[in-house]
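Student: Quick check, what structure comes out for this input:
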Amino acid sequence: MPSPGRIAGADFGLGERLRFRTGDSPTSGFRGFVISLVVADPTVADSFLLPAIEAGATVLKPAKKSFWGYGGVVQAPDGAIWKVASSSKKPTGAPERKVDDLVLLLGVDDVAATKEFYMTHGFTVAKSFGRKYVEFESAPNSINADSIKLALYGRRVAAKDAGVQPDGSGSHRLVIGGDAGELTDPDGFAWATAPRSLLA
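Tutor: Prediction:
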């Protein structure tokens with residue numbers, strides 16, 4: 001089996017923004033998060049998805065056009081779920097393999113409660129659609145334009161969007177690095193002091 005994070009580190013070219021380590025904590029089913037790459041157009045999306053599939057990723061949702069744009073979902077050999085999407089349905093001439101936004105989407109039990117938790121820890125809401133979806137601005141105190149954005153979905157909706165069943169138990173096998181300090185949110189996602197990095 002490829003080393004943990006290979007799909008991301010080698011094929012998605014995000015090694016500077018993510019760090020990976022082997023995790024052996026018991027886990028099964030949906031681990032409650034999706035890493036989303038927002039890109040310019042379908043050609044750029046395919047430039048990430050096709051090499052990942054060739055390297056061993058499992059297709060959860062084949063890349064295709066939809067009402068909102070174009071995208072697909074794959075699962076890396078280490079179990080992490082990756083979504084690559086664009087709001088554009090047609091090529092724009094944008095350079096391949098360039099990520100416009102990197103978003104960590106957490107599937108949570110209570111979007112409103114988790115939103116409130118993060119707000120009390122210094123996060124600022126950028127977008128909010130009631131109890132359905134919340135997206136925060138870059139992590140508190142971050143000065144890096146390439147920082148990872150945090151977003152919240154209901155767990156069942158997040159799983160459906162990723163093409164998996166919502167059931168899961170055990171460890172998330174994820175530690176989120178940021179400037180917010182050491183904390184654990186209501187759904188058990190742990191944060192560590194590691195600016196501008198995501199550890200999985």
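Student: and the residue nearest the centre of the chain, bridged to which residues?
Tutor: Geometric centre of the chain, nearest residue: residue 35, 1.6 Å, by Cα atoms, centre = their mean. Beta-bridge pairing for residue 35 (DSSP bridges): residue 82, residue 104.
Student: didn't it look like it was pressed against residue 81?
Tutor: Yes. Checked against Cβ atoms under 8 Å, the pair residue 35 and residue 81 is within contact range at 7.1 Å. To be clear about C-beta, it is placed using only N, CA and C from the backbone, and glycine gets the same treatment.
Student: for the chain, what are the low-confidence residue spans?
Tutor: 1-11, 15-16, 20-22, 138-146, 194-200 (pLDDT under 70).
Student: can you rerun that using 90?
Tutor: Applying pLDDT under 90 to the chain flags the ranges 1-28, 51-52, 54-56, 76-79, 94-99, 130-131, 137-149, 169-182, 192-200.
Student: most distant residue from the middle of it?
Tutor: If you look at how far each residue of the chain sits from its centre, by Cα atoms, centre = their mean, the farthest one is residue 93, at 25.2 Å.
Student: Provide the secondary structure category for that one.
Tutor: coil (DSSP: H, G, I helix; E, B strand; the rest coil).
Student: now residue 149, nearest residue through space, not along the chain?
Tutor: residue 103 (4.6 Å; Cβ to Cβ, 6 or more residues apart in numbering).
Student: what residues does the host helix or strand of residue 119 touch?
Tutor: Element membership of residue 119 [criterion: DSSP states H and E] is helix 111-120. Helix 111-120 is contacted by residues 106, 108, 125, 128, 130-134, 136, 150, 152-154, 185-187 when judged by Cβ atoms under 8 Å, 6 or more residues apart in numbering.
Student: how distant is the helix or strand following it from the center of its chain?
Tutor: Remark: after helix 111-120, the chain's next helix or strand is strand 125-129, criterion DSSP H and E. Relative to its parent chain, strand 125-129 has a centroid offset of 17 Å by Cα atoms, centre = their mean, to the nearest Å.
Student: cool, and stretch 23-35?
Tutor: Relative to the chain's own centre, stretch 23-35 is displaced by 13 Å; criterion: Cα atoms, centre = their mean.
Student: Going by neighbour count, which residues of it are buried?
Tutor: By neighbour count on 16 or more other Cβ atoms under 10 Å, the buried set for stretch 23-35 is 23, 27, 30, 31, 32, 33, 34, 35.
Student: Include secondary structure when you put the residues you listed into JSON lines, please.
Tutor: Listed next are those as JSON lines, based on three-state DSSP:
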{"residue": "23", "secondary structure": "coil"}
{"residue": "27", "secondary structure": "strand"}
{"residue": "30", "secondary structure": "coil"}
{"residue": "31", "secondary structure": "coil"}
{"residue": "32", "secondary structure": "coil"}
{"residue": "33", "secondary structure": "strand"}
{"residue": "34", "secondary structure": "strand"}
{"residue": "35", "secondary structure": "strand"}
